[in-house]
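>>> what's the 3D shape of this:
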Amino acid sequence: MKVRPMPRSDRLPSALYTAAQVRELDRQTIERFGIPAPELMQRAGAAAFELLRKRWPDARRVCVLAGTGNNGGDGFVLARLAREAGLEAAVLQLGEREAISETARVHATAWDAAGGEWRRFDGIPGDCELIVDAMLGTGLQRDLGGEFKAAVEAVNAHRAPVLAMDIPTGLDADRGTILGAAVRADLSVSFIGLKRGMFTADAVDCCGEIRFDALEVPAAVYASQILSARRIDWAQQSTRMSPRRRSAHKGHFGHVLVVGGDHGYGGAPLLAARASARAGAGLVTLATRKRHVSGVLAVVPELMVHAVGRHAELDPVVAHCNVILAGPGLGRAAWGRRLFEQVLAQQRPLVLDADALNLLSEHPGLSRDDWVLTPHPGEAARLLQTCIAEIHADRFAAVEALQRRYGGCVVLKGAGTLVLGSGSRPVAVCSDGNPGMASGGMGDVLAGVIASFMAQGWSFSEAAELGVCLHAAAGDAAARADGERGLLASDLMPYLRRLVNPA
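Here you go, the predicted structure:
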């Protein structure tokens, strides 16, 4: 059984494109700047081979699975370079040789003329030490079938590590979903433009470590395309964290009010409130059931805790805050519903999470500019009156639909969390995070961090992007320290503080 590394995204550009946009970048490179298509293919194969040698220096037997398109041509280049370097390389052909594209044929012919092993795919040899996926690239638009699906299944069943050229075969380059079956690569090297689908949905299981090579495409080419999405991570976002003034006091950093915690759900708002404080809010108040007050103070005495039985008791607390976070542990019984309505009546910036989103789904016509919504796929499905499968099928379309319907800024949580505000900036995709964070309470921590940044003065979109990336990076740091399994939301607290104070 292959052990796959946690995907890495350091040193990657932030610009993300659709497959059609990358094809247009490729076309302009060839036609406007006179760089021949076979030359671009040569550069792609060479870049991939260089990565192969660095990542697997001891591999001697390389099997390249090549399709008939340009992705296959990249594979022929890599195979030729491997053979020239003294490796045992073989090309396993999928599709008919007569159907090979004109550009790819240049390098297929060179491989054949050099006496390289080139045979029809009929399985992957057991002694293969490294598999190169050069089957289909970004052109796939329907579910895999026939020999391509069989080849993908053979790749995934083999013990050898896998290098994917441009994008793993079977992965939708725009949506990040699996089209019938998809290669699970250990390393994917993307060319010319990073594809937005490589960072969300199923892609995190398929791409492995992601690397990028622009193939020396002139910078002027990129000016022709408006970004489809932006990749964000904490390494990039942390540059916003400037040192505090020596004369600062708590009033400079905002006051967050967390509303939630019906009977039996006191932990959720406590996690959110602690996260707000650890992310730097000057003051944090928790409005919750009376029975939770003593427990909260015993754990975090720095919090102000206000017992709320009737919704009118919330008014004096609201008067002193500048951001309200509602939803963690709120419930959908009468108590939670009354508080939800009370929160909506306030003229304060809001963060709505958990049950506040479920209650919001009962008001599909309600829209505001001054809130951040943080749904997971199930909550997003309720907000859009659809099903989780539809949300997963196109997460980009889902976050856009949510923002159009409800306004403000929307954070669609999940593998490759998406952030979309009301301005003209394209959707942001967070490339940090790990599966250990799939545990109860993580969303409460995220909501608390976002509310904290809002209270400290960042705009809704800025606070959401900062919060998503800080939360994900804290999860990664906690996982590196003690592993992914058993990772608890409360484990993130010390890392939130460390990361929000960059050296």
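>>> quick one: low-confidence ranges for the protein?
1-10 (pLDDT under 70).
>>> Determine the longest helix present in it.
The longest helix of the chain (DSSP state H) is helix 460-482.
>>> buried stuff in it?
Residues of helix 460-482 classed as buried by neighbour count (16 or more other C-beta atoms under 10 Å): 460-479. For glycine as for every other residue, the C-beta is placed from the backbone atoms N, C-alpha and C.
>>> cool, stretch 125-140 as well?
Cys128, Glu129, Leu130, Ile131, Val132, Asp133, Ala134, Met135, Leu136, Gly137, Thr138, Leu140.
>>> Partner strands of the helix or strand containing the fourth one and their direction?
Taking DSSP states H and E as the criterion, the element that holds Ile131 is strand 130-134. When pairing is defined by DSSP bridges, strand 130-134 lines up against strand 61-66 (parallel), strand 162-165 (parallel).
>>> Can you tell me the SS state at the residue nearest to Glu484 when sequence neighbours are not counted?
Spatially, and ignoring its direct neighbours in sequence, Glu484 is nearest to Gly436 (3.0 Å; C-beta to C-beta, 6 or more residues apart in numbering). Classification of Gly436 using DSSP: H, G, I helix; E, B strand; the rest coil returns helix.
>>> what about Gly436, distance to Asp202?
Separation of Gly436 from Asp202 (C-beta to C-beta, to the nearest Å): 18 Å.
>>> ok, now Arg368?
For Arg368, the distance to Asp202 - C-beta to C-beta - is 33 Å.
>>> So for these two, which sits in the more crowded spot?
Taking neighbours as other C-beta atoms under 10 Å, Arg368 and Asp202 compare with Asp202 leading, 22 against 13.
>>> Surely that one is in contact with Ala182?
Yes. Taking C-beta atoms under 8 Å as the definition, Asp202 is a contact partner of Ala182 at 6.9 Å.
>>> Give me the common contacts of these two.
Leu171 (C-beta atoms under 8 Å, 6 or more residues apart in numbering).
>>> still on that earlier bit, burial count for the residue nearest to Glu484?
Count around Gly436 with other C-beta under 10 Å applied: 20.
>>> and what of Pro494?
When neighbours are counted by other C-beta under 10 Å, Pro494 registers 14.
>>> In which helix or strand does it reside?
Taking DSSP H and E as the definition, one finds Pro494 inside helix 493-499.
>>> Which neighbouring elements make contact with that helix?
helix 267-278, helix 460-482 (3 or more C-beta pairs under 8 Å, 6 or more residues apart in numbering; DSSP states H and E).
>>> Just tell me which of those ends up closest to Gly95.
helix 460-482 (39.6 Å; C-beta to C-beta).
>>> elements contacting that closest one?
Short answer (3+ C-beta pairs under 8 Å, 6+ apart): helix 460-482 packs on strand 229-232, helix 234-237, strand 371-373, strand 409-412, strand 418-420, strand 428-430, helix 442-455, helix 493-499.
>>> Find out how far that helix is from the centre of the chain, if you would.
12 Å (C-alpha atoms, centre = their mean, to the nearest Å).
>>> quick check: angle from that helix to helix 267-278?
Between the axes of helix 460-482 and helix 267-278, defined by axes from the mean of the first three to the mean of the last three C-alpha atoms, to 10 degrees, the angle is 100 degrees.
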